[in-house]
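Visitor: Starting from these lines, generate the structure:
(4 chains)
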Number of protein chains: 4
Amino acid sequence: MLRARGFASDNNAGVHPDILKSMIDANIGHAIGYGDDIYTKQATTTIKELFGGSVEVYFVFNGTGANVLGINNLGQSYHSVICAETAHIQVDECGAPEKFTGMKLLSVSTPDGKLTPGLIKKYLHGFGFEHHSQPGVISITQPTELGTLYTVDEIKELSELAHSMGLHLHMDGARISNAVAALNIPVKTFTKDAGVDVLSFGGTKNGMMYGEAVVFMNPGLDHNFKYFRKQGMQLASKMRYIGAQFNAFFANELWLKNASHANKMAQLLYQKVKDIPGVKVIQPVQANGVFAKIPGHLIPKLQNEYFFYVWDEQKDEVRWMCSFDTTEDDVNEFAALLKKMVQNN
Amino acid sequence: MLRARGFASDNNAGVHPDILKSMIDANIGHAIGYGDDIYTKQATTTIKELFGGSVEVYFVFNGTGANVLGINNLGQSYHSVICAETAHIQVDECGAPEKFTGMKLLSVSTPDGKLTPGLIKKYLHGFGFEHHSQPGVISITQPTELGTLYTVDEIKELSELAHSMGLHLHMDGARISNAVAALNIPVKTFTKDAGVDVLSFGGTKNGMMYGEAVVFMNPGLDHNFKYFRKQGMQLASKMRYIGAQFNAFFANELWLKNASHANKMAQLLYQKVKDIPGVKVIQPVQANGVFAKIPGHLIPKLQNEYFFYVWDEQKDEVRWMCSFDTTEDDVNEFAALLKKMVQNN
Amino acid sequence: MLRARGFASDNNAGVHPDILKSMIDANIGHAIGYGDDIYTKQATTTIKELFGGSVEVYFVFNGTGANVLGINNLGQSYHSVICAETAHIQVDECGAPEKFTGMKLLSVSTPDGKLTPGLIKKYLHGFGFEHHSQPGVISITQPTELGTLYTVDEIKELSELAHSMGLHLHMDGARISNAVAALNIPVKTFTKDAGVDVLSFGGTKNGMMYGEAVVFMNPGLDHNFKYFRKQGMQLASKMRYIGAQFNAFFANELWLKNASHANKMAQLLYQKVKDIPGVKVIQPVQANGVFAKIPGHLIPKLQNEYFFYVWDEQKDEVRWMCSFDTTEDDVNEFAALLKKMVQNN
Amino acid sequence: MLRARGFASDNNAGVHPDILKSMIDANIGHAIGYGDDIYTKQATTTIKELFGGSVEVYFVFNGTGANVLGINNLGQSYHSVICAETAHIQVDECGAPEKFTGMKLLSVSTPDGKLTPGLIKKYLHGFGFEHHSQPGVISITQPTELGTLYTVDEIKELSELAHSMGLHLHMDGARISNAVAALNIPVKTFTKDAGVDVLSFGGTKNGMMYGEAVVFMNPGLDHNFKYFRKQGMQLASKMRYIGAQFNAFFANELWLKNASHANKMAQLLYQKVKDIPGVKVIQPVQANGVFAKIPGHLIPKLQNEYFFYVWDEQKDEVRWMCSFDTTEDDVNEFAALLKKMVQNN
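Guide: Numbers count the residues shown, from 1 in each chain, chains lettered A, B, ... in the order given. As a prediction, this is how the structure comes out:
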């Protein structure tokens, strides 16, 4: 029997009570639509302050919208976007980036989901040659889709390379809270200060209901964004409820508490499963996900009780995500079940 | 001083308490993302039943998304879409239909926001001529953006014309509840039974927070829609909260109660203002909006106290929308203020 | 029996012998592809000189390519393009502008194919309002698709209006030679000097085989055009043959001789048919086309002998185009046949 | 001093005299535009016969147009196209496929430009999963961009794999003549009979001026192609001149004579350079191109006298293409110069 809670995705969790309460509190009277309300303004101000003020903030419905529209503002349709072959924009957005921006995505094989200057070098050519999509954007995910983290220096290296050759750096921060919590440094340090040009600032995977922010690190980069957001079908009419969510998200450091907890649960899960015979954790556990190789025939049995995704069917690799509401009991019971299954094997 | 409630748009209202409660009630445990949850399934079932069963239902974030994706499934990029020049898809979606579908929009001047066979006839030519965008879709809005209603027969005439020439009929039902309440007939009667092929079924303007449904009236028309929805950035991850909203929306006929009330308030407003000297109501008041011409210099004064939109600046035409939470006091005070202003003129 | 020559379109004519000879002469040895050859350079220089030097010139395959790519460089996907409802971009390009640029086309009903400030005024609103496609481009055709001509002052009025409101002015010059010949002024006078921002400079309809030029009147407007041309599938590999055509086109004023002749033949045709009972010429004959209303039942009979297009089936309106190779005999015989048919009616 | 003829590209060559003569011969009288002429009809018939009759043939301006429009008809915007990382559609079309079709291109690293079932297997997953671009098209180039050839069996393997999983097989035949000449089998054998669904049939690189054909191997696959061709800006008005070119191309087996000659010259070049010390031919010479690694400092010196492209700057790899007009003297002199440069090194 499928449990009430599993390790499928941090978006299978619900909404944190504080966030829900904030939405309820915002449900008073009329508010001008499309963002010109006090809740959205407060959320905007808070995010601006996180980045030292001079950034531009826009809210959209979801992560795909944030990524596609953020990248769209960094180039023209003849540009290319260099990303890891595991990037969400490459494998999990059904071609939304190509469809809306017209750009070519160039995907790079990586051991751990992280781009490096060495790995992307081969795509940095053909500048000025009109037959060739012009390298325009480097896109990284922090933490990566494999649960790993870039250091500040690694991001700086990429941004310096990008800027030195006329490219921009995009960061998919669908799980940005988990990165901040894990690195234990201000979000500004590894984004704006490290040379990121635009950030998809996620909330849904960390206790929100819907809504993400696109943060342009330098004024001007957001040029005409409001029109593209509308044309991209990502302008919410009753936007106050997105603003209200973010206000609770940032109040009392809820975003970091939620993320720290999810990260901690992933560490606990890692500790519990790493020594089970036949189970091999295949990526460093640096955020809230654990990637492991387990005996293939156990996968469906385990999925009968807990829902989670198979990451690579051919290699028997699975992904277990922890969320703000994962409990120690959840982890202990899951690890115990896995252990038992392996032993009875 | 701007009042807490105005007549700007039915999306300036908040969320109906029953709907909010349903969202809160759905906030328990984990739910599989992207629609495979019990709340979304229930909402789907309810909507299917409204249309007699054999329809296909998909949820998206907003009205623009519903219109664009619904229309997209009715044709190819070389098709044209015939609509009123006041249609939301023509004037209020910042070119989203052209951008995503590649289709050409052909807009028709109308006296009351309503297309007729006679009005669109001139666009129904060039079939098979490859130089010409092929007529593919007729799109109507019910009730129209001018607050008027199509009768069942008028819709049938359009669908018969469309189908006889190989076109499809799309209905933008952002305010579909107001139409059902005003016509006092089942929604199926003036949509599926009248030959509509795809309907944007709105909720946000009638007490929901976000979320609309795309209803394909005949199986097959939704071919591959799920991929286009994802590629169109309109797939919600925590979809259960959209499902939960629609469940409360349909429970106890809330959608019709809300809509009836809004319609009634518009009628009241109409009665209160129609005889004020210098005020001329310019469209039949058939749903929840009142369109009027008022002395131009009074517009900014009135807007200082109540937020509403100027519909046509050159003609001093304004739009007043009523919503589920508009009260008789709201209407009476507003009409009284307008009357006073006119008299003091 | 269908004649060897008719009045269907100026692109039914062949290639002028001088132009063909120039192509043959260019067929020597190797030439670097994609425009870096002496023929293309010479043609570029000649066109630049026509406009006083500081313009940018690019060659493409055809008129649709020239229009779409020229307009594309004048705006972003959220812009709108205002044009006559008879404009080639509106009715004869199968939605190519919408598909490639993502822009919305707004078409204006006109008596004679010509836009005026008064006619387009109603579309010049909604600036800064993100729900609304932003007015970005005014597109005119010179001579128009109805065979009429803008005066220099009329073009200036439009460009001044456009520029005063932040829009650009595009001119479709598929038959630009006919306009120069008819107005008897330098092409620069009614394009660059009159405020046109980008011109589609046609050749195919005036004796060339294929190939058109896009002329950006101010440096900077062509920003990144070379990439869009390639991405738009309009970059010719053996471009020398387009350059060679234009070189003959401009040598010995061939382009103006050809166009003058075609214009003269249209005048002759007009004189011959204008007094035939039942025939009504419905547009001023200012370039190389004659638009007339004739008895409907005669249309198929006449088309049995001469191929031409019916312009408006419902109104029995037809279009007769003259080309550089139309002879006086062609015109006289055609007019005589028409007269006879009417008399035998 | 740069020679009149080099080894840059087979599109640097001019037009074969027979083809030019055919164009001149077609320059008589009027012809209905857009393909409804006797020259185009004859060319269509000839190509149909090459494939046994039941195929559909359309002419376009250039190779990029043929590839993009051919692929476009094989899927929807949410599909992906699997190709070699050296494919023209991936590296030499400036993102035209993504821009027009909206599809995602997935590029595969190959040793020799050839896809194999093993190499593409990893991309054949995620079917039915709406987050993932659906595998829709496998695209191969014959001969490849590296001058290598697929055998009939290799193509069959790919088409069987494609069809068994619901994909289509596209072949970029920009140099299809060279493949036919080299394989010495009918073109039908390694295209239609081997399971290819749509072929870009090239002419420009083998002695034509412009114009390519898109050949749909099974009726139905070309559904609505004519509209997409127009919307894709690839419909030539004076199409008779493309038809006339193809008619000469196929008369007296000119296409095969030209291609055989180019292939032979490449073999000669290979023989002449393969034993020069420091020169390493890095791909099998199977068509009309020779790919070699040469001492890096000699590249600019050699390019001072002969224009050719550096294929990989980092690896000192160059590409030498032979064309229908390459002479034995050209090859001998070039090889001798290279040899001398190496010796004087």
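Visitor: Going by secondary structure, whatever residue of the stretch 201-345 of chain A ends up closest to chain C is in what exactly?
Guide: Chain C sits closest to A:Y227 of the stretch 201-345 of chain A, with a gap of 3.8 Å, by CB to the nearest CB. Glycine gets a C-beta too; all of them are placed from N, C-alpha and C. Element membership for A:Y227 (DSSP states H and E) is helix A:225-231.
Visitor: Who are the packing partners of that helix?
Guide: Packing contacts for helix A:225-231, counted by 3 or more CB pairs under 8 Å, 6 or more residues apart in numbering or on different chains; DSSP states H and E, involve strand A:56-60, helix A:63-72, helix B:96-101.
Visitor: Could you export it as CSV, CA atoms only?
Guide: Extracted in CSV, the C-alpha atoms of helix A:225-231 (Å, rounded to 0.1, in the frame of the first residue of the first chain):
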residue,chain,number,x,y,z
PHE,A,225,10.3,41.4,-19.5
LYS,A,226,6.7,42.3,-18.5
TYR,A,227,5.6,41.9,-22.1
PHE,A,228,7.3,38.6,-22.5
ARG,A,229,5.8,37.4,-19.2
LYS,A,230,2.3,38.2,-20.5
GLN,A,231,2.9,36.8,-23.9
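Visitor: Now do the same for A:G29: its pLDDT.
Guide: A:G29 carries a pLDDT value of 88.
Visitor: before we move on, what about A:N344?
Guide: Looking at A:N344, the pLDDT reads 88.
Visitor: A:P135: what secondary structure?
Guide: Assigned with DSSP: H, G, I helix; E, B strand; the rest coil, A:P135 falls in the strand class.
Visitor: sorry, back to before: can you lay out the helices and strands packed on helix A:225-231 as a markdown table showing mean neighbour count and distance to D:Y123?
Guide: Formatted as a markdown table, the helices and strands packed on helix A:225-231 follow (neighbours: other CB atoms under 10 Å in any protein chain shown; distance: least, CB to CB, whole Å):
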| stretch | mean neighbour count | distance to D:Y123 |
| --- | --- | --- |
| strand A:56-60 | 23 | 29 |
| helix A:63-72 | 28 | 21 |
| helix B:96-101 | 28 | 26 |
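Visitor: nearest to chain C, of the ones you listed?
Guide: Comparing the helices and strands packed on helix A:225-231 by CB to the nearest CB, helix B:96-101 comes nearest, at 4.1 Å.
Visitor: Going toward the C-terminus from the closest one, what's the next helix or strand?
Guide: The element immediately downstream of helix B:96-101 (helix or strand, assigned by DSSP H and E) is strand B:104-108.
Visitor: tell me, how many neighbours does the closest residue to A:M208 other than its chain neighbours end up with?
Guide: With CB to CB, 6 or more residues apart in numbering or on different chains as the measure, A:Q245 is the residue that lies nearest to A:M208, at 4.8 Å, once sequence neighbours are left out. Per other CB atoms under 10 Å in any protein chain shown, the neighbour tally for A:Q245 reads 28.
Visitor: Could you pull up the contacting residues of A:Q245?
Guide: A:19, A:22-23, A:203, A:208-211 (CB atoms under 8 Å, 6 or more residues apart in numbering or on different chains).
Visitor: Low-confidence bits of the stretch 1-150 of chain A, can you list those?
Guide: A:1-2, A:4 (pLDDT under 70).
Visitor: what residues does it put near chain B?
Guide: A:3-6, A:8-9, A:11-15, A:17, A:20, A:23-24, A:26-33, A:61-65, A:68, A:93-96, A:99-100 (CB under 8 Å from any CB of the partner chain).
Visitor: Buried among those residues? Make that a ChimeraX selection.
Guide: In ChimeraX syntax, the buried subset of those is picked out as below (16 or more other CB atoms under 10 Å in any protein chain shown):
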select /A:5,6,8,9,11,12,13,14,15,20,23,24,26,27,30,31,32,33,61,62,63,64,65,68,93,94,95,96,99,100
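Visitor: Next, format the helices and strands packed on helix A:225-231 as CSV and append distance to chain D.
Guide: Shown next, in CSV, are the helices and strands packed on helix A:225-231 (distance: least, CB to the nearest CB, whole Å):
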stretch, distance to chain D
strand A:56-60, 18
helix A:63-72, 9
helix B:96-101, 9
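Visitor: now for these, which one comes closest to B:Q271?
Guide: The closest of these to B:Q271 is helix B:96-101. By CB to CB, the value is 37.3 Å.
Visitor: Residues contacting the closest one, please?
Guide: Contacts for helix B:96-101 (CB under 8 Å, 6+ apart): A:99-100, A:230-233, B:64, B:67-69, B:71-72, B:75, B:77, B:81, B:89, B:103-105, B:232, C:77-78, C:98, C:102-104.
Visitor: Tell me which residue in the stretch 151-300 of chain A sits closest to chain D.
Guide: A:A174 (13.1 Å).
Visitor: if I look at that residue, how far off is chain B?
Guide: Using CB to the nearest CB, to the nearest Å, one gets 10 Å for the distance from A:A174 to chain B.
Visitor: same check, this time on A:Y58
Guide: 14 Å.
Visitor: Likewise for A:F291?
Guide: Distance from A:F291 to chain B, by CB to the nearest CB: 19 Å.
Visitor: which residues touch the nearest residue in space to that residue that is not next to it in sequence?
Guide: Distances taken as CB to CB, 6+ apart put A:Q283 closest to A:F291, at 4.4 Å, once the chain neighbours are dropped. A:Q283 makes contact with A:112-113, A:146-148, A:289, A:291, according to CB under 8 Å, 6+ apart.
Visitor: for those, which one is nearest chain B?
Guide: Looking across the contacts of A:Q283 and measuring by CB to the nearest CB, the closest to chain B is A:G289, at 15.4 Å.
Visitor: Quick one: residues contacting that closest one.
Guide: Counted by CB under 8 Å, 6+ apart, A:G289 has contacts A:143, A:146-147, A:266, A:283, A:319-322.
Visitor: And the helices in the stretch 201-345 of chain A?
Guide: Remark: helices assigned in the stretch 201-345 of chain A by DSSP state H, counting those that start in this stretch are A:225-231, A:240-250, A:254-273, A:298-305, A:328-343.
Visitor: by how many degrees do the third one and helix A:328-343 diverge?
Guide: Taking axes from the mean of the first three to the mean of the last three CA atoms, to 10 degrees, one finds that helix A:254-273 is oriented at 30 degrees with respect to helix A:328-343.
Visitor: Contacts for helix A:254-273, please.
Guide: By CB under 8 Å, 6+ apart, helix A:254-273 touches A:7, A:10, A:16, A:18-19, A:147, A:175, A:177-178, A:180-182, A:203, A:206-207, A:248-249, A:279, A:281, A:285, A:287-290, A:292, A:320-324, A:326-328, A:330-332, A:334-335, A:338-339.
Visitor: mind listing what's buried in that helix?
Guide: A:254-270, A:272-273.
Visitor: Enumerate every residue touching the closest residue to A:R229 other than its chain neighbours.
Guide: The shortest distance from A:R229 to any non-neighbouring residue, by CB to CB, 6+ apart, is to A:L235 (5.2 Å). Residues near A:L235 by CB under 8 Å, 6+ apart: A:34-35, A:60, A:226, A:229, B:62, B:64, C:130.
Visitor: Closest one to C:K301 out of those residues, please.
Guide: Once CB to CB is applied, the member of those that ends up nearest C:K301 is B:T64, at 51.3 Å.
Visitor: isn't the closest one right up against B:V91?
Guide: No: judged on CB atoms under 8 Å, B:T64 makes no contact with B:V91 at a distance of 12.0 Å.
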